[in-house]
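Enquirer: generate coordinates for the sequence data below:
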Amino acid sequence: MRTVRTIAELRRALPSEGRIGLVPTMGFFHEGHLSLMRAARRDCELVVVSLFVNPAQFAPTEDLQSYPRDEERDSRLAEAEGVDLLFAPPLEEVYPSGFSTHVEVEGLTDVLEGDPSHRGAEHFRGVTTVVAKLFNMVGPDAAYFGQKDAQQALVIRKMARDLDMPVEIEVLPTVRDEDGLALSSRNAYLSPEERERALAIGRALRAADAVVANGRRDAAEVLAAARGELDAAGIEPEYLELRSADDLSPAQRVNGRTLLAVAARIGRARLIDNTILGAGT
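Expert: Residues are numbered from 1 along each chain as shown. As a prediction, this is how the structure comes out:
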């Protein structure tokens, strides 16, 4: 595996033929990231993993400076998964002096994470801008994302479609620890006691799924089942909402593919998770 730090180096290293897969990341790899690398390795002749903590998607009050980083460890893990190129650019390579262009997606970015009382649409503007730049830098045939960031995946898919970007957006299932906690780099912030409380998020999603499996599909019933698990753990969610899994419109019932999304702060960690209810109905 080669590590490259400039766009010029990256482009020189890319082949003229063969399918290229891109896994965009902010590093501090866990099994979720590695599962994306494995999928890219299965599908593609060349795999590029980007490692860049993108300041444009952090609000001034968020954890940019403390976000976990360990490039040496990440490099070893990526190489073990057969990654060909690790693209780890410095800030000025991605956002050179005078940078003033941004990519925005409307219609999916003002709810859930994009709600002004949460991260806001500016978060997604930072995400779509850096991902658009990565697509232009790498020219991938396919790019790989995780379902845990369901809203982000929808936004990126719409960006690629609207802007005629010739890249397939592959979204892989959320990877969880054995105890059910969705893997996240921010899990490193949790103390043992906080991690135990955080398990209620997964229990809340499973409780909602059980309600739907028993034939009860009204939003109030589904949300009440999920909230009961959160309340029992003393967790007040930032949001707990049912929305269409395809366009994020509000859902009054689980009817077809319905996204149950949750965000909550536990100690220093802000955790998000989701599940798709009613798939195939």
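Enquirer: please enumerate the helices of the protein.
Expert: Secondary structure of the chain by DSSP state H: the helices cover 7-13, 31-43, 71-80, 91-94, 121-138, 150-162, 192-213, 219-232.
Enquirer: would you turn the ones you listed into a markdown table with mean neighbour count, mean pLDDT and distance to V262?
Expert: Every C-beta, even on glycine, is put in place using the N, C-alpha and C of the backbone. As requested, the helices of the chain are arranged in a markdown table below (neighbours: other CB atoms under 10 Å; pLDDT from 0 to 100; distance: least, CB to CB, whole Å):
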| stretch | mean neighbour count | mean pLDDT | distance to V262 |
| --- | --- | --- | --- |
| helix 7-13 | 14 | 98 | 37 |
| helix 31-43 | 19 | 98 | 17 |
| helix 71-80 | 15 | 98 | 28 |
| helix 91-94 | 14 | 98 | 31 |
| helix 121-138 | 21 | 98 | 17 |
| helix 150-162 | 20 | 98 | 11 |
| helix 192-213 | 18 | 97 | 6 |
| helix 219-232 | 17 | 98 | 7 |
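Enquirer: output those as CSV; include the columns distance to A182.
Expert: Converted to CSV, the helices of the chain look like this (distance: least, CB to CB, whole Å):
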stretch, distance to A182
helix 7-13, 31
helix 31-43, 8
helix 71-80, 19
helix 91-94, 27
helix 121-138, 18
helix 150-162, 11
helix 192-213, 7
helix 219-232, 15
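Enquirer: what's the closest of the ones you listed to T61?
Expert: The closest of the helices of the chain to T61 is helix 121-138. By CB to CB, the value is 11.8 Å.
Enquirer: quick one: contacts of that closest one?
Expert: 7, 10-11, 14, 20, 22, 24, 48, 50, 52, 54-59, 87, 94, 101-105, 108-110, 113-114, 143, 151-152, 155-156, 159-160, 163, 165, 167 (CB atoms under 8 Å, 6 or more residues apart in numbering).
Enquirer: out of the residues you listed, which are buried?
Expert: Buried members of the contacts of helix 121-138, scored by 16 or more other CB atoms under 10 Å, are 7, 10, 14, 20, 22, 24, 48, 50, 52, 54, 56-58, 87, 94, 103, 105, 108-109, 113-114, 143, 151-152, 155-156, 159-160, 165, 167.
Enquirer: which of these fall within strands?
Expert: Using DSSP state E, 20, 22, 24, 48, 50, 87, 143 are the members of those that sit in strands.
Enquirer: L172: which of those residues is nearest?
Expert: For those, the residue nearest L172 by CB to CB is A143; the value is 11.4 Å.
Enquirer: the nearest residue to the closest one once chain neighbours are set aside pairs with what?
Expert: Once flanking residues are discounted, A143 sits nearest to L22: 4.5 Å by CB to CB, 6 or more residues apart in numbering. Beta-bridge pairing of L22 under DSSP bridges involves V48, A143.
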